[in-house]
Structure formats: structure tokens, C-alpha cells
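Novice: next input, structure requested:
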Amino acid sequence: MNKKMAIIATKGTLDWAYPPFILSSTAAALGYDVEVFFTFYGLKLLEKNLDVQVSPLGNPGMPMSFPIPVLFQALPGVQSFVTSMMKKKIEDKGVAPLDELRALCLEADVKFVACQMTVDLFEMDINTFIDEVTYAGAAAFISFAGDAEISLYI
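Specialist: Residues are numbered from 1 along each chain as shown. Below you'll find the model as predicted:
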């Protein structure tokens with residue numbers, strides 16, 4: 001019987017998208033059965049058009065090439081600017097783009113589960129999600145996570 005890893009992904013920004021995809025693909029490569037439960041804003045990571053941004057606002061730990069005052073972070077266009085800076089850094093450092101990491105997870109049989117309650121709550125169009133997504137409630141995820149050696153909340 002394989003070891004299991006359960007991840008809850010709750011955030012849908014560029015900087016918070018990497019941890020669930022990196023950890024789940026790595027665990028799958030190490031032989032774990034992996035399930036990622038996407039809920040609330042994490043559902044953004046299941047969209048076919050994986051167009052996510054990073055927000056510097058309220059993110060004091062984000063390393064920047066130069067400090068950006070909090071008041072400036074709230075101005076229009078700053079989020080797009082910071083996102084382009086982060087994407088350039090990701091590319092320059094040779095880090096895989098998100099769509100490649102997500103595809104790698106799917107190739108490694110990582111199971112992506114969308115929280116049905118959240119999909120219903122926000123009246124989301126499931127046609128915008130990738131085809132490999134399954135839909136379930138918290139009870140189904142807890143059933144998997146209850147047997148997991150590793151459970152993470154991201």
C-alpha cells in the first residue's frame with residue numbers, strides 16, 4: 001500500500017500556486033498517492049487559462065529588488081508590474097512555469113479535487129476548469145486525508 005499525501009490549496013496567486021504543485025509532483029515522484037483539494041481562491045489554479053498574478057499588497061515577506069511602500073502597492077498597475085517582475089525572475093532562474101508544473105502533476109497521477117461547495121457558492125463555471133478535475137465535498141477529502149502520512153494546508 002502506497003503512502004499518501006493530502007494537500008489543501010486555498011490561494012490562487014502566482015506565489016501561492018507553486019507550493020501545492022511542487023510538493024505534490026515531488027511526492028508523486030517519490031511514490032506517494034497524492035490528492036490536492038482546491039477550495040475557495042485555490043480553485044483559480046484549476047482554470048484552463050492559468051493566468052494568475054502575485055499581489056504585493058499585504059505581503060511583507062515578499063522579497064523585492066527594491067522596497068515598494070505599502071501605499072504605492074495599492075495603486076492601479078502595481079500588481080501587474082510586480083507579477084511581471086516575478087515571472088521574469090522565475091524564468092531567469094529556470095523555474096518551471098506553472099502550466100508545466102500542473103501538467104507534470106497530472107502526468108504523475110496527482111488527483112485534483114475541486115471543492116463542490118465552493119464551486120456552488122461562487123457559481124463557478126466548471127467549463128473553465130481543466131478536464132482532469134473531479135468534484136467532491138469536504139467529507140470525501142477528509143476520508144483520503146485521514147489515511148495520509150502527510151497532510152498540508154497551503
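Novice: from here on, contacts and neighbour counts on C-alpha atoms
Specialist: Fine.
Novice: what are the boundaries of the helices in this protein?
Specialist: 14-29, 70-73, 78-92, 98-107, 116-121, 138-145 (DSSP state H).
Novice: out of the ones you listed, which gets nearest to Ile8?
Specialist: helix 14-29 (8.1 Å; CA to CA).
Novice: helices or strands up against that closest one?
Specialist: strand 4-9, strand 33-38, helix 98-107 (3 or more CA pairs under 8 Å, 6 or more residues apart in numbering; DSSP states H and E).
Novice: buried residues in the last one?
Specialist: Buried positions in helix 98-107, judged by neighbour count with 16 or more other CA atoms under 10 Å: 98, 101-102, 104-106.
Novice: from the residues you listed, which two are the most distant?
Specialist: Leu98 and Leu106 (12.4 Å).
Novice: what count of nearby residues applies to Ala9?
Specialist: 25 (other CA atoms under 10 Å).
Novice: nope, Val95 is what I was after
Specialist: Neighbours of Val95 (other CA under 10 Å): 12.
Novice: and what of Val133?
Specialist: 16.
Novice: would you mind measuring from Thr13 to Leu46?
Specialist: 12 Å (CA to CA, to the nearest Å).
Novice: on that earlier part again, ranking the helices of the chain by burial, who's on top?
Specialist: Highest mean neighbour count of those: helix 14-29, a mean of 20 (counted as mean count of other CA atoms under 10 Å).
Novice: now do that helix: everything it contacts.
Specialist: Helix 14-29 has contacts (CA atoms under 8 Å, 6 or more residues apart in numbering) with 5, 7, 9, 11, 33-36, 42, 45, 52-54, 83, 98, 101-102, 104-105, 108-110, 154.
Novice: you'd agree Ile90 is up against Ala96?
Specialist: Yes. Distance between Ile90 and Ala96: 7.5 Å, which falls inside the contact criterion (CA atoms under 8 Å).
Novice: got any ranges where the protein has weak pLDDT?
Specialist: Applying pLDDT under 70 to the chain flags the ranges 1, 56-75.
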